[in-house]
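S.K.: Everything below, folded, please.
(one chain, ligands or ions: 2)
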Amino acid sequence: MSVLRVGVIGTGMIGRDHIRRMTTVLAGVAVTAVTDVDVDTAKKVAEGLPGATLHATGEDLIADPAVDAVVVCSWGPTHEQYVLASIAAGKPVFCEKPLATTQDACLRIVRAEVAAGRRLVQVGYMRRYDAAYRALKQVVDSGAIGTPLMMHCAHRNASVPSFYEKESAITDTAVHEIDMVRWMFGEEISAARVLIPRRSRNGGPLQDPLLLILEMAGGALVDVEISVNIRYGYDIRGEVVGEDGTAALGELSPVVVRTARQRSTPVPVDWRERFLGAYDVEIQEWIDSLAGGGAPVGPNAWDGYAAAVVSDAGVAALRTGERVPVDLAPRPALYGTVAVLP
Ligand SMILES: NC(=O)C1=CN([C@@H]2O[C@H](COP(=O)(O)OP(=O)(O)OC[C@H]3O[C@@H](n4cnc5c(N)ncnc54)[C@H](O)[C@@H]3O)[C@@H](O)[C@H]2O)C=CC1
Ligand SMILES: O=C1[C@@H](O)[C@H](O)[C@@H](O)[C@H](O)[C@H]1O
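M.R.: Ligands and ions are numbered 1, 2, ... in the order given. Next up, the predicted model:
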């Protein structure tokens, strides 16, 4: 079996987590190079990877002949330069979300990939790989609950770091639901609104929670509660309401505890725990798709662009209180003829 040689740019929290899974869990892959502007961290990570090269820059890593494919896990504003450099080098690139931090930057990536004439980019929207979301989509697609009319979502973080801003609730957090509902309904989002409830005393200067309302092109409505200081753990919920029934993400805990007349299940601490299996499947399927020179089949540059445009609409809705339409550029043929590829 051939081994995909991967270079990782950014050895922070998720970069190290993806390196751990590529070196200890997944098959057909070796991490052969790393880099980070925080040289000390990158050096420590490289020391734990026998034979891997520590590069001074992301560009050096992309040019390394011992790197077949690139994984970008640096901060969002740096994604564009590394994704574009990977496309220019003709190397497949898995980029953690967001694809880039502005819709113009995402469009530059889309155009570069179209000019290259083949799919090279995959974006890290891992919910599409989660067993519960996949089971939910299977029910929706089967028609068992009839035409979907609404989806209720909750995205709750226990807490967020001090650099998290008001807009991050949309651009950093709800962006996962933005991608997920496009995939779940197989269609684009046409408009966004934000409703602002009473502010939590745990939210500090943030407007927390928020309610993001998304209008799907086919007329369904999606509401997303975004609470980022919920304290009790990391809680992700989703329920689709159809004409003939409803389907919701199941309870995921492998254990139920009964004691002192209480019944309880643990709540994950954060996304690494909740989506552990999804990240494994996501990266394994990406590796497998590249075998023998193949193209990635997961969330593509168009999906990254569409998520950025909807995020911008959400941010504008948050700032103005208005309903903001989503205005997408024409979609290039490289990204298929159905609205959102399955
Ligand atoms: N799919 C998901 O659920 C998640 C995705 N993410 C995404 O992953 C990315 C990284 O997030 P974290 O690991 O949480 O951040 P982090 O701050 O822990 O790690 C980012 C690393 O990138 C490095 N870096 C920054 N600029 C760089 C540059 N120009 N070149 C090379 N390295 C550079 C930093 O020094 C840092 O070590 C973000 O885009 C974030 O949105 C993060 C958490 C979960
Ligand atoms: O991507 C992620 C983080 O960056 C973000 O800050 C969290 O809100 C999300 O739940 C997580 O999946």
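S.K.: how many neighbours does the residue of the stretch 151-300 of the chain found nearest ligand 1 have?
M.R.: Closest to ligand 1 within the stretch 151-300 of the chain is Trp271: 4.7 Å, counting by Cβ to the nearest ligand atom. Heads up, the C-betas are built off the backbone N, CA and C, glycines and all. A count of nearby residues for Trp271, using other Cβ atoms under 10 Å, gives 20.
S.K.: what does stretch 233-242 contact?
M.R.: Contact with stretch 233-242 is made by 133, 136, 139-140, 144-158, 180, 184, 246-249, 266-271, 273-274, as judged by Cβ atoms under 8 Å, 6 or more residues apart in numbering.
S.K.: before we move on, back to that, and the residue of the stretch 151-300 of the chain closest to ligand 1, backbone torsions?
M.R.: phi -70, psi -30 (degrees, to the nearest 10).
S.K.: quick one on the thing from earlier: from the contacts of stretch 233-242, which ones fall inside strands?
M.R.: Of the positions in those, 148-156, 246-248 sit in strands, assigned by DSSP state E.
S.K.: Show me which of the residues you listed are buried.
M.R.: Burial by neighbour count, 16 or more other Cβ atoms under 10 Å: within the ones in strands among the contacts of stretch 233-242 this picks out 148-149, 151-156, 247.
S.K.: From ligand 2, how far out is the residue nearest to Gly186 when sequence neighbours are not counted?
M.R.: Spatial nearest neighbour of Gly186, chain neighbours left out: Val340 (5.3 Å); criterion: Cβ to Cβ, 6 or more residues apart in numbering. According to Cβ to the nearest ligand atom, to the nearest Å, Val340 stands 20 Å off from ligand 2.
S.K.: What does Val340 show for phi and psi?
M.R.: phi -130, psi 120.
S.K.: Between all of the buried ones among the ones in strands among the contacts of stretch 233-242, which two are separated the most?
M.R.: For those, the farthest-apart pair by Cβ to Cβ is Leu149 and Arg156; their separation is 24.0 Å.
S.K.: all strands for the stretch 201-342 of the chain, in order.
M.R.: Secondary structure of the stretch 201-342 of the chain, counting by DSSP state E, counting those that start in this stretch: strands at 210-216, 221-227, 235-242, 246-248, 257-259, 262-264, 324-325.
S.K.: can I get the ones you listed in TSV with mean pLDDT?
M.R.: Compiled in TSV, these are given as follows (pLDDT from 0 to 100):
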stretch	mean pLDDT
strand 210-216	98
strand 221-227	98
strand 235-242	98
strand 246-248	98
strand 257-259	96
strand 262-264	95
strand 324-325	98
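S.K.: Dump those strands to a markdown table, plus distance to Cys73.
M.R.: Below are those laid out as a markdown table (distance: least, Cβ to Cβ, whole Å):
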| stretch | distance to Cys73 |
| --- | --- |
| strand 210-216 | 26 |
| strand 221-227 | 23 |
| strand 235-242 | 21 |
| strand 246-248 | 31 |
| strand 257-259 | 35 |
| strand 262-264 | 34 |
| strand 324-325 | 30 |
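S.K.: between those, which gets nearest to Leu107?
M.R.: Leu107 lies closest to strand 324-325 among these, at 17.7 Å (Cβ to Cβ).
S.K.: wait, isn't Val8 in contact with Val31?
M.R.: Yes: counting by Cβ atoms under 8 Å, Val8 touches Val31, with 6.0 Å between them.
S.K.: Now the common contact residues for those two.
M.R.: By Cβ under 8 Å, 6+ apart, the residues touching both Val8 and Val31 are Ile19.
S.K.: Look at those two and report which has more neighbours.
M.R.: Applying other Cβ under 10 Å to Val8 and Val31 shows that Val8 carries more neighbours, namely 30 against 23.
S.K.: The more buried one - that's part of a strand, no?
M.R.: Yes: counting by DSSP: H, G, I helix; E, B strand; the rest coil, Val8 is found in a strand.
S.K.: who's it bridged to?
M.R.: Using DSSP bridges, the beta-bridge partners of Val8 come out as Val34, Val71.
S.K.: Can you name the residues in contact with stretch 187-196?
M.R.: Applying Cβ under 8 Å, 6+ apart, the external contacts of stretch 187-196 come out as 170, 178, 181-182, 207, 210-218, 222, 306, 310, 313-314, 316-318, 321-326, 328, 339-340.
S.K.: coming back round to it: could you dump the ones in strands among the contacts of stretch 233-242 to TSV with distance to Asp64?
M.R.: TSV is the format used below for these (distance: Cβ to Cβ, whole Å):
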residue	distance to Asp64
Pro148	46
Leu149	51
Met150	48
Met151	43
His152	46
Cys153	41
Ala154	42
His155	37
Arg156	40
Thr246	50
Ala247	46
Ala248	46
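S.K.: wait, does the helix or strand Arg108 falls within make contact with ligand 1?
M.R.: Per DSSP states H and E, Arg108 falls inside helix 103-116. No: against ligand 1, helix 103-116 shows no contacts by Cβ under 6 Å from any ligand atom, the least distance being 13.0 Å.
S.K.: Summarise which helices and strands that helix is packed against.
M.R.: helix 79-88, helix 301-320 (3 or more Cβ pairs under 8 Å, 6 or more residues apart in numbering; DSSP states H and E).
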